[in-house]
Each structure stands twice: as structure tokens, then as C-alpha cells.
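In: I need the structure of the sequence given here:
(one chain, ligands or ions: 1)
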Amino acid sequence: MGDPQFDLIIIGAGVMGSSTAYQAAKRGLKTLLLEQFDFLHQRGSSHGESRTIRSTYPQSHYYPLVVESYKLWEEIQAEVGYNVYFKAQHLDIGHLDDPSFRAVIENCRKHGVNHQLLNAEQVTAKYSGKFNLQEGWLGLSTEHGGMLKATKATAMFQTLAHKHGAVLKDNSKVVDIKNNGGEVVVFTENGEKVRGKKVVVTVGSWANKLIKKIRGIDLPIQAIETHLCYWRIKEGHEDKFAIGGDFPTFASYGKIYYYGTPTLEFPGLLKLGVHGGLKCDPDRRPWGQGEMMNDLKKWIDRTFSGVIDTTKPVVKQACLYSMTPDENFVIDFLDGEFKNNVVLGVGFSGHGFKMAPLVGKILTELATDGKTDKADLNHYRIGRFQRISKI
Ligand SMILES: Cc1cc2nc3c(=O)[nH]c(=O)nc-3n(C[C@H](O)[C@H](O)[C@H](O)COP(=O)(O)OP(=O)(O)OC[C@H]3O[C@@H](n4cnc5c(N)ncnc54)[C@H](O)[C@@H]3O)c2cc1C
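Out: Sure, this is the predicted structure:
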């Protein structure tokens, strides 16, 4: 039968698969990237104008990943010759009673992240009165925020993967994978059959459908439809929220997690959203109106003192989260008959974009070297779900 046609076949061309294709091709591997829809489509998790990058996290194990990712974003955009990463300050707000907010503060101390803990008056002073904090809430400000241009960054990885020799094919849905004496055979809906030494699966919200088919196991990864919402800033206040000024990317910790970014993509509009949405089947989407919209409107009115028009979002883009029960990623070998020949990178739970350059490196190392020193995989193993379900 001869040698496998590819060293590495990557299934799914969102930001994670595209980054992996880039890292693999750059390493000199014969690489194939397969995507079920058109490249840069809008039915997964990686499209749109922007994502936040921040170095503050309630979970300690993401700090080294984010720190390394900042460096990689700068290096990779220098290689392609245009910017996908735009710097901003970052602000987290919350009450000390909130365990996640407290953990963010503790982690900043533990990991030596330069930060300022501010009371409500200090937040008002630092951000020229733009934030109006609730009674007893604090702000934690750092220099390390920023925005990543989502579709542009995914396209950047694909461009560079192609430049380094990868083969990229869209409208090629993978319907099965089989182990064949040490190599892996990948079957597409179009009737194609491709052979690779190794396979990386980065299929986002379609993870449990494909994994169930190829390994017969149920991964608890739930697709959630959520929305990116852009709101009109009232006349005369637009410049205060523009990137490059003092307005930060931010996260609000509480019963509901809200987030926002400075104005960059749509002049006069501010991106303000809520972390959550409606459970769905990624192939039978509700394309709904947006969950928790009333909570979001109330929160915007209170936090920005009426300067944002909350009648309705001016621009609204639907997007999928692929949520795990603990909101940690899944990075692991598929195991079973495939042993270490198939690697999973899925379940990025609405916060993976910022770490995509490093995730691509990790998945490439796992596939080719069988190990990585860039992350402690114990946080990302499939086995943890068995432990969770036994509790
Ligand atoms: C509204 C929203 C806001 C977010 N905000 C942030 C943020 O501020 N910061 C941050 O870091 N992260 C954020 N995220 C999360 C981040 O965008 C995701 O973690 C990341 O995009 C996940 O990428 P992915 O490649 O795993 O998934 P996807 O982008 O969904 O890619 C998976 C790809 O696999 C393809 N595929 C599936 N099945 C098959 C098959 N059988 N054969 C071939 N191809 C297949 C799909 O079509 C898809 O293109 C946000 C996400 C959303 C939706």
C-alpha cells in the first residue's frame, strides 16, 4: 500500500485546526487540513470580528498558556505581515465574595502579574467615569488585555499553513476514521479516503458526534448558541470607548459573567455580551434571538450610566460554544484502538481563542512526539469526565 500520504491529517478548520496545520507544516510535516463547510464559514466558533485576550484567569493552569500565547501572536503576525492582535488594558470587576473573582486576584499574585486592585472610586478615576461599579465591588486592572481579530486570525493560520506546504481542503466532511495497522485512514462524505500517520481532531461543537462514531464514547461536550452583541454608544460619547484610549477589555464576575471590548470593528458601537446561551444541536441550530438579553440590557444600563443605547443590539452575530462540564479544554489522545495516533483538541468552552497559537503547537507535539512540555495535560484529559460522573 506504500507510505501514508500525509504525516498529519487535521480534521476541522476553525482557529484550533488552522493553527495546528500552520505549526505542523512549519515543522516540515506533510500536512492536510480538512473542513466540512467552506473555509471561514460562520457556523462554528471561530468567526467574527474580535475575541478578548487577557492574562487574568480564575484557574491557575491557564496562566503559562496565555503568557506564551501573547508571544506567539506577536511572532506569527510578524511572519504574515499584518496585525491580528490589538493591545488594550484589561479590567476585571467583581465582589470579594465571588470565588472566581477572588481566585483571579490570588492568581495574579501567585503568577506575578502586574496588577492594581481598585475600589469603586479608584475605578471611576482610572477609567474617567465610564464604569459605575455596584456597591462593594472592586476592580482589578492589568496592562495585559487586548483584542484578536477572529476570522482574520483564522485566515492568517490557513495562509501560513499553505505557505509552508500544507494541503487545505474545504467542503470535505469527515464521516469516519479507521485504524489500519499503525496508520489512520480518514473517510470523507465525498467518498475520499486519505491515509495519515497521525490525525488531530479539532471539530469544535461537533466533537461528540464524531467521537461517538469513531470510538463509541460519549464526550460531555455541549454545543451552546450564543451571540456577540454590538450596542450603539450615545452621540458625543463615542470617542471615550475607542481602542487606543483608556477603555479596557473587561470581564464582570457575578451570578452572570459579562464581557466587553473597546470599539474597534464598528465605529460608534461597543461589544458587550454575556457568557451563556441556549443548548443546541450544531446541525439544527435555533438561530435564536439571544439568551439573557434582558439581564444584559439591565447590566449595561447600570454599569455604563445610560451612555449606551440598550433598545436593541445594532449588530448581533450568532456563534457556538463547545462547553465541557468544568469549562476546561479537552487535549488528549483518543486512545482505544487508535492508541496515540489520534489526538483530540476540543471543548474550548468559550475561552480558547486567545490560546490558539499554543494549542496548535501542543497538538502538533502530541501527534508527532507523543508528548509536550508546554502544558500540564492532567487538566485536559478525557479521563476526568469519568471521575466527574462518579461524584
Ligand atoms: C460569542 C463567542 C465569544 C467568544 N469570546 C472569546 C474570547 O473573548 N476569548 C477567547 O479566548 N475565546 C472566546 N471564544 C471562544 C473561541 O472562539 C473558541 O474557543 C474557539 O474559536 C474554538 O475553536 P475550534 O477550532 O475549537 O472550533 P470551531 O471554530 O467550531 O472549529 C471547528 C471546525 O471543525 C469543523 N468540523 C466539524 N466536524 C467536522 C467533520 N466531521 N469534518 C470536517 N470538519 C468538521 C467545523 O465545521 C468547524 O469549522 C468565544 C466564542 C464565541 C462563540
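
In: so what's Lys212 closest to, chain neighbours aside?
Out: Nearest non-adjacent residue to Lys212, counting by Cβ to Cβ, 6 or more residues apart in numbering: Asp218, 6.1 Å away. C-betas here are computed from N, CA, C, even on glycine.

In: that neighbour in helix, strand or coil?
Out: coil (DSSP: H, G, I helix; E, B strand; the rest coil).

In: verify the contact between it and Ala207 for me.
Out: No - using Cβ atoms under 8 Å, Asp218 makes no contact with Ala207, being 10.5 Å away.

In: and the pLDDT for Gln289?
Out: For Gln289, the pLDDT comes out at 87.

In: next one: Phe348
Out: 98.

In: now do it against Val186, distance only.
Out: Using Cβ to Cβ, to the nearest Å, Phe348 is found at 22 Å from Val186.

In: neighbours of Ala153, how many?
Out: Ala153 has 26 neighbours, counted by other Cβ atoms under 10 Å.

In: I'd assumed it was in a helix, is it?
Out: Yes - membership of Ala153 in a helix is supported by three-state DSSP.

In: for whichever residue of the stretch 101-250 of the chain sits closest to the ligand, give me its contacts.
Out: Nearest residue of the stretch 101-250 of the chain to the ligand: Gly204, at 2.5 Å (Cβ to the nearest ligand atom). When contacts are counted by Cβ atoms under 8 Å, 6 or more residues apart in numbering, Gly204 touches Gly12, Gly14, Met16, Gly44, Ser45, Ser46, Pro282, Leu320, Ser322, Val346, Phe348.

In: farthest pair within those residues?
Out: Farthest apart among the contacts of Gly204 by Cβ to Cβ are Met16 and Pro282. That separation is 15.4 Å.

In: so which of these two has more stuff around it?
Out: Met16 (31 against 20).

In: list the contacts of that one.
Out: Neighbouring residues of Met16 by Cβ under 8 Å, 6+ apart: Ser46, Thr202, Gly204, Gly345, Phe348, Gly352, Ala356, Val359, Gly360, Leu363.

In: tell me the pLDDT at the fourth one?
Out: The one in question is Gly345. At Gly345, pLDDT is 98.

In: next one: the first one
Out: We have a pLDDT of 98 for Ser46.

In: offset the numbering so it begins at 38, please.
Out: Okay, residue one is now 38; in that scheme the one you just asked about reads as Ser83.

In: tell me the SS of Thr269?
Out: No Thr there; residue 269 is Arg. Strictly by three-state DSSP, Arg269 counts as strand.
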